[in-house]
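# Quick one, what's the 3D model for this:
(one chain, ligands or ions: 1)
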Amino acid sequence: MDTTRSEALFAAAQGVMPGGVSSPVRAFGSVGGTPRFMASARGPWITDADGNEYADLVGSWGPAILGHAHPAVVAAVQEAAALGLTFGAPTARETELALEVQRRVPAVERLRFVSTGTEATMTAIRLARGVTARPLVVKFAGCYHGHLDGLLAAAGSGVATLALPGSAGVTEAVAAETLVLPYNDLTAVEEAFATHGDRIAAVITEAAPANMGVVPPLPGFNRALHEVCSRHGALLVMDEVLTGFRAGPGGWWGLEGAEEGWEPDLLTFGKVVGGGLPVAAVGGRREVMEHLAPLGPVYQAGTLSGNPVATAAGLATLQHADAAVYARVSTVADAIATGLSDALGAAGVAHSIQRAGTLFSAAFVDPAEGPVTDYTRAQSQDVFRYAPLFHSLLEQGVHAPPSVFEAWFVSAAHDDAAVNRILEALPAAARAAAAA
Ligand code: PMP
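Numbering: from 1, shown residues only. Next comes the predicted model:
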């Protein structure tokens, strides 16, 4: 496979941008080699600067649920762009998109648009502190909520230990306001509330974590979080930036909370809600949301928030993400997850296929010890097996996430040709993993 152009582009990029990238995972740090510089994408296919075409399992990390460059989404964007790129004033489409979100997730009584998932979680946390007048936030080890200082806290061990900064540049004072608990561990949550209950503003959790590989919540875990938070006067923030409108039409909450009859106080969205352009949002209970400026004292703003071109992409995406789309995404996820497991099994690689709705990943752990349920176990896997698997796939024209700690993203545009490309590549990739 010729990668001359990508190599030259990477060298040039490194001369002017740290690591040559705009977001770290793109640099192939954990798998090695030259990141492919991409030139175009359509449906399930993505083409690099050397003209190599790959079946895509990254999907821009989630937004591309309809596949890349869906004609209706591109048309909506072109139409909106021709009318002006940004006004810095309200538009009708923001209300339309907010109503579509509310239709799918009725817990969203009010919604504020922002441009990135990080802004959405940052706003949710500020709002929770503003509403409760409490300082502390509980997060779970292995959950990613964007790069706001307070939520970069390292995967802490033990219960309710005050976290150390997870990134240089985060002050200890900020990190000390985050309690990091083991995921899926309700006892740890109860203990944290027993000790710090009257100082905890919010618990933030990925609705179904997919940033330590996929680690679904144990049955009842999210519901119990909701119950503990209500009992102690803290807010539950469900981060659906990744799962929203992907795990199902109403996100992960639609599969779980809607069935069980409970609602989080706040939810955050990103990725699919913007259809590939920068739209994210925080929404939830009216009395909480109305603490936001201009109605309330919690400040939040954005020059490009609710941008007319970006909301056009989001609205067109949600309008086309119908039952048939979710059915196809589910079928494709089944086929590839099964193919991956079969290939790893045939090659003798111990693994657990981790699954949450249409999201999946493989963890290289001993399946006799059960699936991965927390970050400690996720980190204990045979991480070294992933790089050879990844590079074998890449050489065979399959673009998988360049880290074992990411979900594999499929789309409704993954047709039989794309699925077969992936299925045919998996056995050799699994053998490469076995040989590592
Ligand atoms: N929350 C979750 C669950 C995410 O997966 C991500 C991004 N992967 C974010 C928040 C941050 O979103 P963004 O990258 O748009 O800031």
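
# CA only for contacts and neighbour counts going forward, please
Fine.

# what stretches of this structure score poorly on pLDDT?
The chain contains residues with pLDDT under 70 at 154-166.

# Tell me which stretches of it form strands.
Using DSSP state E, the strands of the chain run over 38-42, 45-48, 53-56, 110-114, 136-140, 178-181, 200-206, 235-240, 266-269, 280-284, 352-356, 359-363, 398-399.

# Redo those strands as CSV? Include distance to the ligand and mean neighbour count.
Output for the strands of the chain, formatted as CSV (distance: least, CA to the nearest ligand atom, whole Å; neighbours: other CA atoms under 10 Å):
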stretch, distance to the ligand, mean neighbour count
strand 38-42, 19, 15
strand 45-48, 20, 20
strand 53-56, 17, 25
strand 110-114, 10, 23
strand 136-140, 12, 25
strand 178-181, 16, 28
strand 200-206, 5, 26
strand 235-240, 6, 28
strand 266-269, 8, 30
strand 280-284, 7, 28
strand 352-356, 13, 20
strand 359-363, 12, 26
strand 398-399, 18, 25
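
# so how far is Gln354 from the closest residue to the ligand within the stretch 301-436 of the chain?
The ligand sits closest to Glu406 of the stretch 301-436 of the chain, with a gap of 9.1 Å, by CA to the nearest ligand atom. The gap separating Glu406 from Gln354 is 11 Å, by CA to CA, to the nearest Å.

# so what sits against both of the two?
Both Glu406 and Gln354 are in contact with Gly213, Val214, Ser361, where contact means CA atoms under 8 Å, 6 or more residues apart in numbering.

# and the gap between the residue nearest to the first one when sequence neighbours are not counted and Thr373?
The reference is to Gly213. In this structure, Gly213 finds its nearest non-sequential neighbour in Phe405, 4.1 Å apart by CA to CA, 6 or more residues apart in numbering. For Phe405, the distance to Thr373 equals 13 Å [CA to CA].

# need the residues of the chain near the ligand, please.
Thr116, Gly117, Thr118, Tyr144, His145, Gly146, Glu206, Asp239, Glu240, Val241, Leu242 (CA under 6 Å from any ligand atom).

# got a list of what the closest residue to the first one other than its chain neighbours touches?
Distance criterion CA to CA, 6+ apart; nearest residue to Thr116, sequence neighbours excluded, is Ala280 at 5.1 Å. Ala280 makes contact with 113-117, 119-120, 241, 268-271, 273-274 under the criterion CA under 8 Å, 6+ apart.

# so of those residues, which ones are in helices?
Using DSSP state H, Gly117, Glu119, Ala120 are the members of these that sit in helices.

# related to what we said a few turns ago, quick check, the residue of the stretch 301-436 of the chain closest to the ligand in contact with Gly213.
Yes - with contacts counted by CA atoms under 8 Å, Glu406 reaches Gly213, the gap being 4.7 Å.

# so which pair among the residues of the chain next to the ligand is furthest apart in space?
Thr116 and Glu206 (15.7 Å; CA to CA).

# Quick check, Ala362 in contact with Gly213.
Yes - contact status for Ala362 versus Gly213: in contact at 7.4 Å, counting by CA under 8 Å.

# Now do the shared contacts for those two.
Shared contacts of Ala362 and Gly213, defined by CA under 8 Å, 6+ apart, comprise Gln354, Val404.

# List the contacts of the nearest residue to Asp374 once chain neighbours are set aside.
Using CA to CA, 6+ apart and skipping residues adjacent in sequence, the residue nearest Asp374 is Tyr183, 5.1 Å away. For Tyr183, the contact set (CA under 8 Å, 6+ apart) comprises Phe140, Ala141, Gly142, Thr373, Asp374, Tyr375.

# how about Tyr183, phi and psi?
In this entry, Tyr183 is assigned phi and psi values of phi -70, psi 150 (degrees, to the nearest 10).

# For it, give its distance to the ligand.
Distance, Tyr183 to the ligand, by CA to the nearest ligand atom, to the nearest Å: 14 Å.

# what about the helices in the stretch 101-250 of the chain?
According to DSSP state H, counting those that start in this stretch, the stretch 101-250 of the chain carries its helices in the segments 117-132, 172-175, 186-196, 221-232.

# Tell me which of these is the most buried.
Of all these, helix 117-132 carries the top mean neighbour count, a mean of 23, counting by mean count of other CA atoms under 10 Å.

# what's in contact with it?
Here helix 117-132 makes contact (CA under 8 Å, 6+ apart) with 114, 135-137, 145-148, 201-202, 233-235, 237, 239, 241, 266-271, 280-282, 288-289, 291-292, 297-298, 300.

# Apply 7 Å and report the result again.
Helix 117-132 is touched from outside by 114, 135, 145-148, 201-202, 235, 241, 266, 268-270, 280-282, 288, 291, 298, 300, with contacts defined as CA atoms under 7 Å, 6 or more residues apart in numbering.

# Ok, stretch 68-87 next?
By CA under 7 Å, 6+ apart, the list of residues contacting stretch 68-87 reads Ala41, Arg42, Gly43, Pro44, Asn307, Pro308, Val309, Ala312, Ala313, Ala316, Thr317.
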